[in-house]
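Student: Sharing a model prediction with you, sequence too.
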Number of protein chains: 2
Amino acid sequence: MAKPYDVNEQTGKDMAAARAATTIQVEDVRNHLYNSAGEWESRRKITEVLENDPVFDKTHRDFLPRTERYTRGMALTNRVYELQVQHGWSQQQASLAIASLDEQLPINLHNVAFQPVFNLQGSPELVSKYGPLIASRGIFGCYLQTELGHGTNVSRLETTATYIPETSEFEINSPTLTSSKWWIGALGKTATHGVVQAKLILGGKDYGPHLFFVQLRNMNDHNPLPGIMIGDIGPKSGSGFAPTDNGFARFDHVRIPKEQMLSKFAQVTDDAKYVQPPHAKMSYGGMLYIRANMVTGGGWLMAKAATVSIRYTTVRRQGEVGPDGLENQVINYPSTYYRLLPILSHAYVFIQLGKQLTKSFDTLATRLAKGDTSLLAEMHATTSGLKVLVSSTGVQDIEVARRAMGGHGYSAFAGLGRIYNDYLPSVTYEGDNFALDKQVVRAALKTLSTLIRAGPKVSASSLSPSSFYLRLVLPNSDSPSHSPSSEDWKDPATCILLLEWRAALLVQEMARNLEQPDASVFQRVSKAISEAFVARQVGEMIADAKGKKVGGGDGAAVAGLFLLYLLTAVEAGLTDLLSFGVIKTPTTNAIGFPSDVTRTLRLAIDKTCKAVLPESIGLTDAFGFTDWELDSALGVYDGKVYQALWQRAQAEPLNRTEVPEAYEQSIKPILIRGQRQVGVFLGDKAKL
Amino acid sequence: MAKPYDVNEQTGKDMAAARAATTIQVEDVRNHLYNSAGEWESRRKITEVLENDPVFDKTHRDFLPRTERYTRGMALTNRVYELQVQHGWSQQQASLAIASLDEQLPINLHNVAFQPVFNLQGSPELVSKYGPLIASRGIFGCYLQTELGHGTNVSRLETTATYIPETSEFEINSPTLTSSKWWIGALGKTATHGVVQAKLILGGKDYGPHLFFVQLRNMNDHNPLPGIMIGDIGPKSGSGFAPTDNGFARFDHVRIPKEQMLSKFAQVTDDAKYVQPPHAKMSYGGMLYIRANMVTGGGWLMAKAATVSIRYTTVRRQGEVGPDGLENQVINYPSTYYRLLPILSHAYVFIQLGKQLTKSFDTLATRLAKGDTSLLAEMHATTSGLKVLVSSTGVQDIEVARRAMGGHGYSAFAGLGRIYNDYLPSVTYEGDNFALDKQVVRAALKTLSTLIRAGPKVSASSLSPSSFYLRLVLPNSDSPSHSPSSEDWKDPATCILLLEWRAALLVQEMARNLEQPDASVFQRVSKAISEAFVARQVGEMIADAKGKKVGGGDGAAVAGLFLLYLLTAVEAGLTDLLSFGVIKTPTTNAIGFPSDVTRTLRLAIDKTCKAVLPESIGLTDAFGFTDWELDSALGVYDGKVYQALWQRAQAEPLNRTEVPEAYEQSIKPILIRGQRQVGVFLGDKAKL
């Protein structure tokens, strides 16, 4: 029988009970996620400073129109660097502070796009002249690549940089409307300088896109310099990226000194000759760095989505009444935990992958500095595939989490809509996912054809991690056909091998059908390749979690979460696995009907979810987010979500007056017209 | 060789060329979509009036903060009804005008939720007293169901309506914080009255939720009546539903006359006795009407998404250079048309389905008025499944379309972000999709068990349209196993039968495993059931298009589009089809590897897309949207997307001044601090 209870009070009790029921050592898992107790503590201290500073208050953020979001964003930025001086923060600590603000700020473009490109590709002279000023933000930069008429295909950019031998200058020009630089973050209102990508024209000949360091605004009054027209390109979808002034710029024959070409890898000599870049590939370094960071960043966003949605569905009760007389907690419904726990597993996996990638990038950078480009191809293949995987998974996960919260999930106060709309462009920027898929697949086809040419002498050990799955198409490989039992699904090796078979057979099939590909093949094959790579990494994460006994016991909780990643990845790949017969399908006989061969897998997923479920509050607490960081009424630490929603609604600007402005202007005229139509007048009646 | 060309001019040429290449008779298709030339013309005239009225100008909409979006929304509403008087529009024409505004307005809640519930469930006396005033909007209503603490499960709502026999009144009360009515559209600032759902308490006994007509604000000054606390619940995710004042209300022992209980189906007698509703089910009618409308509405939103994205990708050129020296049009890439043309097919299918459903609903309403509830169960099963299908497909399609437009798709000016965020709650309101899935599946399981009990005497002809697929599990059915050839995929019957087998086998498998369902089974089975129903309908649409030669020729273009719907539905169901062996998988032999059995299907999809592609501009023009209706810089009729983007950006509020407010406050301090750090001062230099 349903018992009446104080729904609001119950939320706090439910959260406390869930927290008490967690068996893992939350601090231990947290330190694992943050690399060490020291790193966590350092981060916590910075967040504490920000939370207690009124400048960073978020109470009214959801109500601000875009111009005020921009103004506020710049104020936050200024305050962080003020605090850096006060507290003696390192450059890295200041970056951490910026990152923890949960805002898409113009300074990110200076730090992540402008500065690395300038330092990596500028000549030593140019870097020594401006590098320190850029590092201290004495000038504020942006990176001007895409144009109104062109994005991905940089070879067709229209902006020109014509060399004028007479004065040793370049003339930057926007010959057409569509050559306007467009979408450039921090350009619209903030940046004083920029790196401009433009076609180098030398003696009438087009040498393709090169980079030029250009001053945009004068340092005296911040007005655009003569010949440069600058503005903001307007609001973004779903109010995303509100504080960033994505901008446009048109150049009307603007002259810059010859020295301001970024000439580390390509130069124009004094006598107007073009010097070939010795290591053109080396200029990719910056892009790979951004993509590696995207994996970590995406992982932490999934962590936020998982935390908010798991906390809310733990305290939200609805539907069936249990023996305790209370309705069921929403997270206990299979259709809920089946949606949310995989997101939690994605968060753990991508955070770990990001850490590995950052390490690999450091190794790459050291080698590149010595002129060694041997690691570039592997790093390129890995980061392209992972960028696609993390961004498309992340965007989807944030929305799945929002939707799992039902009606209240649609409130801005739930906090996930904001994260979603800010993260949304990640699927198209830094390489559109559909374009990157093609690169991933082409790299795999190339490796396959090398393997085939090399013949039987090739051994699996010669394959790089991103191509390891291709060992399966070498001669003397085992049969691809499997019929995993319930027991088999407990072993990560089962999933890893299946995902590798899927990738190997898809790549091989594609190579066979190159003359007539179907329309979605690049997406399917690319995803299979990336998942095969990730699966093997996840296998190592499981071994690591168990080896280090992460979270206490034998690391089973964290290991189980990783296993859930693998099982759901296999589930998502079932069409391929069945189509190629990697998972054996039933033989139909004359009587009766066949049954679903995927059932053992689906039940294994359900079972793994049920094992993870009691630890889910602990596993999300381990991310260490504060209420200020999450800024979600539904994700509050104490579980009192209804109180939080109520309080936030009271601050809504429409509630400042009982009677809205629209009453006299529009509502009253509607009512009076309607009353006249039926011949009554209610205008001086309090009650009908 | 790549030829330089004026990218902006080319957009107009490309659109004109695509339009000229269309072979279908666009007007003919348009009249088919709008039922008749007359209906189209009537609609066009209304839109023309609105477009030419400055009140409906959309130039600054994207820049308005929420309060102003609300104020503007009320002004639009008032203006429509002013125009109704001026032009002598019927009630239906006024509704059409409201619908074509592309705004989520409070008046919709009055028209679609409040008025129908009041008319359907109020006593004849109450309806005759207030009905005319409601119809003329002399009072403005809302429908107060969900509470802060409860949504879907109405039996647990906490608001009470206690009968006071002494005064023949009900006392409406909100006993707790969580009993606050919440999410109620038009409640926050607009509505003067509402229908409140509250637990009826009679002589201390709880009779569960009933409906009460309650005045909320006084008619004199629009202030809330004593004892009623009202407010707006705040902004929504991604700035969705900005003009709607979703609100909260708390009642402090508010008395209303006994007559204001909506008592058509449940009454309290004068001596305080409860009278059982004779036809409780009949109160579902209103909900079914809303869901039927959602199918049509969703179809037209998909139509907008398809129009904008197909137009933009037709004029956007990128990448490979063709023999004409121009880059390829983005829509010509397989990965683009494979994403966009299915959306076009969904639009056509759901618009047609919506028309059929509205007809079925009219029949149902006529029968219900006579007390005949025999059609209710079928209508309920059909609309539940289709509501899930249309809303989840629609939300996904709008985002797929936005994403296919690459970087520019993320601009608010692209127009799809706005549509997306307004449509997003459709997956959780009017029955959360995950809750509805369970209802769809339970209805199917019930039908199956009836069939099994009835034994061999059952014939397929006794099955209702929503259960027709279950004929396949009757004895003497054919074998489910198929190996469709390339030729087979051209026949709609192939897809229809496969989709029916999928649903039948899934339902049967589920019935076998009721004791141990897996976590996602309701979603998979529900989708399969709905797709089987829709597939058969689509088969009829194909026959209809061919029979009537829609669009000229033999109706092949429209029929091809419908076929694409079926083929991609089969593709989405491949896991089930393969797992049950409905599509036969390869036998692996010792040497060599198996090949992909789904390949013939994938190639058939590609081929069908290629056949539809040259007609895609014609097929989207047939929707008849004006530029004002689409309000998208990327979906302009003339194709000049870059000009449109440029012009819109100039109106961005941040561009009103060259130097933003943030400069003195924050940017300058950042720059000066940075310059000091490296010991320079640039503050009076124009150029470095």
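Tutor: Received the coordinates, thanks. Residues are numbered from 1 along each chain as shown, chains lettered A, B, ... in the order given.

Student: buried residues in the helix or strand where A:Gly394 lies?
Tutor: With secondary structure defined by DSSP states H and E, A:Gly394 is part of helix A:376-404. For helix A:376-404, the neighbour count (16 or more other C-beta atoms under 10 Å in any protein chain shown) marks A:376, A:378-404 as buried. C-beta coordinates here come from the backbone N, C-alpha and C atoms, glycine included.

Student: Which members of these additionally contact chain B?
Tutor: Subset of these in contact with chain B: A:Arg402, A:Arg403, counting by C-beta under 8 Å from any C-beta of the partner chain.

Student: Let me know the angle separating the helix holding A:Gly394 from helix B:376-404.
Tutor: Compare the direction of helix A:376-404 with that of helix B:376-404 by axes from the mean of the first three to the mean of the last three C-alpha atoms, to 10 degrees and you get 150 degrees.

Student: How far does helix A:376-404 sit from its chain's centre?
Tutor: Centroid separation for helix A:376-404 versus its chain: 7 Å, with C-alpha atoms, centre = their mean, to the nearest Å.

Student: Could you do stretch A:223-232 as well?
Tutor: The chain centre lies 32 Å from the centre of stretch A:223-232; the measure is C-alpha atoms, centre = their mean.

Student: next one: stretch A:244-257
Tutor: 29 Å.

Student: Please state the mean pLDDT value computed over it.
Tutor: What stretch A:244-257 shows for mean pLDDT is 98.

Student: Tell me if it is near chain B.
Tutor: Yes - counting by C-beta under 8 Å from any C-beta, chain B is contacted by stretch A:244-257 at A:Asp245, A:Phe248.

Student: same question, stretch A:334-343
Tutor: Yes - counting by C-beta under 8 Å from any C-beta, chain B has neighbours in stretch A:334-343: A:Pro334, A:Ser335, A:Thr336, A:Tyr337, A:Tyr338.

Student: Just confirm yes or no for stretch A:213-225 near chain B.
Tutor: Yes - using C-beta under 8 Å from any C-beta, stretch A:213-225 reaches chain B at A:Gln215, A:Asn218, A:Met219, A:Asn220, A:Asp221, A:His222, A:Asn223, A:Pro224, A:Leu225.

Student: Now do the end-to-end distance for that stretch.
Tutor: End-to-end span of stretch A:213-225 (C-alpha to C-alpha, to the nearest Å): 14 Å.

Student: Run through who's touching it.
Tutor: With contact meaning C-beta atoms under 8 Å, 6 or more residues apart in numbering or on different chains, stretch A:213-225 is reached by A:118, A:122, A:126, A:130, A:139, A:142, A:144, A:172, A:187, A:191-196, A:228, A:230, A:249, A:251, A:254, A:256, A:260-262, B:658-659, B:663, B:667-668, B:671, B:682-688.

Student: Mind checking which of those residues are in helices?
Tutor: Secondary structure assignment (DSSP state H) places A:Phe118, A:Leu126, A:Tyr130, B:Lys668, B:Leu671 from the contacts of stretch A:213-225 within helices.

Student: Which of those residues sits closest to A:Leu202?
Tutor: For the ones in helices among the contacts of stretch A:213-225, the closest approach to A:Leu202 (C-beta to C-beta) belongs to A:Leu126, at 19.1 Å.

Student: from the ones in helices among the contacts of stretch A:213-225, which is closest to B:Gln537?
Tutor: B:Gln537 has its nearest neighbour among these in A:Phe118, at 59.9 Å by C-beta to C-beta.

Student: Strands of chain A, residue ranges please.
Tutor: A:141-144, A:160-164, A:169-173, A:181-184, A:193-202, A:205-215, A:228-232, A:247-251, A:254-257, A:267-268, A:274-275, A:317-321, A:327-329 (DSSP state E).

Student: Looking at the ones you listed, which one is packed in the most?
Tutor: strand A:141-144 (a mean of 28; mean count of other C-beta atoms under 10 Å in any protein chain shown).

Student: Let me know whether it sits next to chain B.
Tutor: No - Strand A:141-144 lies out of reach of chain B by C-beta under 8 Å from any C-beta, never closer than 11.4 Å.

Student: are any of the residues of stretch A:213-225 next to chain B buried, and which?
Tutor: A:Gln215, A:Asn218, A:Met219, A:His222, A:Leu225.

Student: Farthest-apart pair in these, please.
Tutor: Farthest apart among these by C-beta to C-beta are A:Gln215 and A:His222. That separation is 11.9 Å.

Student: For A:Asn476, grab the count of nearby residues.
Tutor: Neighbour count for A:Asn476, taken as other C-beta atoms under 10 Å in any protein chain shown: 5.

Student: quick one: it from A:Leu630, how far?
Tutor: 53 Å (C-beta to C-beta, to the nearest Å).

Student: among the residues of stretch A:213-225 next to chain B, which two are most distant?
Tutor: Maximum distance among the residues of stretch A:213-225 next to chain B (C-beta to C-beta): 13.7 Å, for A:Gln215 and A:Asp221.

Student: near chain B, which residues of the stretch 351-500 of chain A?
Tutor: Near chain B, when you scan the stretch 351-500 of chain A using C-beta under 8 Å from any C-beta, you find A:402-403, A:406-407, A:409-414, A:416-418, A:420-421, A:424-425, A:427-429, A:432, A:434, A:437, A:473, A:479-481.

Student: From B:Phe468, how far off is the residue nearest to the spatial centre of chain A?
Tutor: Central residue of chain A (C-alpha atoms, centre = their mean): A:Gly298, 3.5 Å from the mean position. Going from A:Gly298 to B:Phe468 by C-beta to C-beta gives 45 Å.

Student: cool, A:Ser392 as well?
Tutor: Distance from A:Ser392 to B:Phe468, by C-beta to C-beta: 37 Å.

Student: got it, and A:Lys584?
Tutor: Using C-beta to C-beta, we find A:Lys584 at a distance of 32 Å from B:Phe468.

Student: Mind giving me the packing neighbours of the helix holding A:Gly394?
Tutor: Packing partners of helix A:376-404 (3 or more C-beta pairs under 8 Å, 6 or more residues apart in numbering or on different chains; DSSP states H and E): helix A:285-315, helix A:334-369, helix A:416-423, helix A:433-454, helix A:521-547.

Student: Any buried residues in the shortest one, and which?
Tutor: Pointing back at helix A:416-423 there. A:Leu416, A:Gly417, A:Arg418, A:Ile419, A:Tyr420, A:Asn421, A:Asp422, A:Tyr423.

Student: Columns pLDDT and distance to A:Gly151 on top of those, output as TSV?
Tutor: Shown next, in TSV, are those (pLDDT from 0 to 100; distance: C-beta to C-beta, whole Å):
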residue	pLDDT	distance to A:Gly151
A:Leu416	98	28
A:Gly417	98	26
A:Arg418	97	25
A:Ile419	98	25
A:Tyr420	98	22
A:Asn421	98	20
A:Asp422	98	20
A:Tyr423	97	19
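
Student: Closest one of these to chain B?
Tutor: A:Gly417 (2.7 Å; C-beta to the nearest C-beta).

Student: State the pLDDT value of A:Trp628.
Tutor: Turning to A:Trp628, the model gives it a pLDDT of 98.

Student: Just give the number of residues close to the nearest residue to it once chain neighbours are set aside.
Tutor: Nearest residue to A:Trp628, sequence neighbours excluded (C-beta to C-beta, 6 or more residues apart in numbering or on different chains): A:Glu51, at 4.5 Å. Neighbour count of A:Glu51, defined by other C-beta under 10 Å: 15.

Student: What distance do you get for the residue of chain A most remote from its centre to B:Leu133?
Tutor: Largest separation from the mean C-alpha position in chain A: A:Gly679, at 60.1 Å (C-alpha atoms, centre = their mean). Counting by C-beta to C-beta, the gap from A:Gly679 to B:Leu133 is 10 Å.

Student: Give me the neighbour count for A:Leu474.
Tutor: Neighbour count of A:Leu474, defined by other C-beta under 10 Å: 17.

Student: same question, A:Gly371
Tutor: By the criterion of other C-beta under 10 Å, A:Gly371 has 9 neighbours.

Student: Now do the phi/psi pair for it.
Tutor: Backbone torsions of A:Gly371, given as degrees, to the nearest 10, read phi 80, psi 10.
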